[in-house]
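> sequence and predicted structure are below.
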Amino acid sequence: MKTRIRNIIHSLIRSLPDPTQELIFDESVKILSRRGGYQERLEKYYWDEGSRYWSSFAKPLRPSRDDISRYRSYLKEAIALPYAPKVLLLGATPELRDVLAEFYQTAQVYIIDFSAAMFMMTSKKLRVANADRELWIKTNWMDTRLPENFFDVIIGDLILQQFPAPSISDALTRIAQLLKTNGTFIFRGRIAKETLSGRNVAEVVNEVIQSSYENEHEGAFTLIWKLRDAHMHLPATSVPDRDSIIVCDLEKLLHETNIPAFITLAHRYLSLGAKRFPFRSFHAAMSAEDFPTLLLRAFVVEKRGHASDYHDSEYFPLFLCRKKNSEIQSTNDTT
């Protein structure tokens, strides 16, 4: 009955003019966003919509060539097992799927992603990978039906940034549960540049302008993450409005002459996010102190590095971690 009613409502909404549909969806998102925390319906909506913009995403939001080189090196080490390991990719990142394609002969590749729109769209971006050689699990990463102690390797790019800070510990615990004993977890993280905290928009923009970028999209996404770090000092009650605050401050600079194109582009992306995806505002970077503390509860860090082909890449470190067994005590990070 619920499915039938839902289909009727969807049909009625789809029969309305596009502007009216957009208004209804936006208002629905605002209502759900007030509940706070992680909500699967909103997250799926975000990724389904995000599939339309994926081609515009650039490093550091997507892995760079040097990031991919490091992922490949870590994978070679993790997959060197006397049997065909089971490798799980969290998300449908095409760059990582292309790397995993190099191991089709020696590993079983699984992909978990609940957004069919994102999976299908990223499949069109594959260079060497073949979606027919991948086992796609259409569900969310925290699905309790997934088998525990099943995967030898789990890999994902910026995956912990898809959870609000209070849920990251649970996410790491769940990843550890899915891994076999001594299983490997490979991922790129995001650590806040805390020296930016409290700086105004003009100061952050001036810092970003000092560096060169391959294209305006890279400049825009670099500016966005730095502006968010600059506002990390806001109290928890202000976090949902963070992007709106940044947008208002950034608008004041748009009237200046000779501003780089990436500033206008960053303003456009932030405006879109503040309007259509306000529930994503809690996805802030973790501090350099808190991040390893959470990680070491479930894993031992065996390798840590970062790319060298984009600005401030040290705030986007790559990790090769081993699942912590009950007898393994906490250790310090190794590089």
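Done, it's in. Keep in mind it's a predicted model, so treat the numbers as computed, not measured.

> which elements pack onto whichever strand or helix holds Asp243?
Using DSSP states H and E, Asp243 sits within helix 242-251. When contacts are defined as 3 or more Cβ pairs under 8 Å, 6 or more residues apart in numbering; DSSP states H and E, helix 242-251 packs onto helix 201-209, helix 216-230, helix 261-276. Any C-beta I mention is one placed from the backbone N, CA and C, and that applies to glycine too.

> which residues touch Asn325?
Under the criterion of Cβ atoms under 8 Å, 6 or more residues apart in numbering, the neighbours of Asn325 are Thr181, Asn182.

> now swap in Glu251 and tell me
Taking Cβ under 8 Å, 6+ apart as the test, what Glu251 contacts is His267.

> report the backbone C-alpha coordinates of the helix holding Asp243 in PDB.
Output of helix 242-251 as PDB, limited to C-alpha atoms (Å, rounded to 0.1, in the frame of the first residue of the first chain):
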ATOM      1  CA  ARG A 242      27.800  27.600   7.300                       C
ATOM      2  CA  ASP A 243      27.600  27.500   3.500                       C
ATOM      3  CA  SER A 244      25.000  30.200   3.400                       C
ATOM      4  CA  ILE A 245      27.300  32.400   5.500                       C
ATOM      5  CA  ILE A 246      30.200  31.800   3.200                       C
ATOM      6  CA  VAL A 247      28.000  32.600   0.100                       C
ATOM      7  CA  CYS A 248      27.000  35.900   1.500                       C
ATOM      8  CA  ASP A 249      30.600  36.900   2.300                       C
ATOM      9  CA  LEU A 250      31.800  35.700  -1.100                       C
ATOM     10  CA  GLU A 251      29.200  37.700  -2.900                       C
END
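
> any buried residues in that helix, and which?
Within helix 242-251, the residues that count as buried by 16 or more other Cβ atoms under 10 Å are Arg242, Asp243, Ser244, Ile245, Ile246, Val247, Asp249, Leu250.

> compute the inter-axis angle for that helix and helix 201-209.
If you take axes from the mean of the first three to the mean of the last three Cα atoms, to 10 degrees, helix 242-251 sits at 80 degrees to helix 201-209.

> centre of the chain to helix 242-251, how far?
22 Å (Cα atoms, centre = their mean, to the nearest Å).

> what pLDDT does Asp241 get?
The model reports Asp241 with a pLDDT of 73.

> and what of Arg190?
94.

> what's near enough to touch it?
Going by Cβ under 8 Å, 6+ apart, Arg190 touches Leu158, Leu160, Gln161, Trp225, Ala285, Met286, Tyr315, Phe316.

> worst-scoring helix or strand of this structure, pLDDT-wise?
For the chain, using mean pLDDT, DSSP states H and E, the weakest element among its helices and strands is helix 18-33, scoring a mean of 47.

> buried stuff in the helix or strand just after that helix?
Following helix 18-33 in sequence order, the next helix or strand is helix 40-50 (DSSP H and E). Neighbour counts using 16+ other Cβ under 10 Å place Leu42, Glu43, Lys44, Tyr45, Tyr46, Trp47, Glu49, Gly50 of helix 40-50 among the buried residues.

> what mean pLDDT does stretch 103-116 get?
On average, stretch 103-116 scores 95.

> could you list the low-confidence segments of the stretch 151-300 of the chain?
Applying pLDDT under 70 to the stretch 151-300 of the chain picks out residues 234-240, 257, 279-284.

> quick one, phi/psi of Leu81?
Here is the backbone geometry of Leu81 (degrees, to the nearest 10): phi -120, psi 160.

> show the pLDDT at it.
The model reports Leu81 with a pLDDT of 94.

> what separates it from Glu134, distance-wise?
19 Å (Cβ to Cβ, to the nearest Å).

> between these two, which is the more surrounded one?
Between Leu81 and Glu134, Glu134 has the larger neighbour count (other Cβ atoms under 10 Å), namely 21 against 12.

> and Phe103, what is it in contact with?
Phe103 neighbours (Cβ under 8 Å, 6+ apart): Leu75, Ile79, Val87, Val109.

> at 10 Å what do you get?
Taking Cβ atoms under 10 Å, 6 or more residues apart in numbering as the contact definition, Phe103 lies against Arg72, Leu75, Lys76, Ala78, Ile79, Ala84, Pro85, Val87, Val109, Val153.
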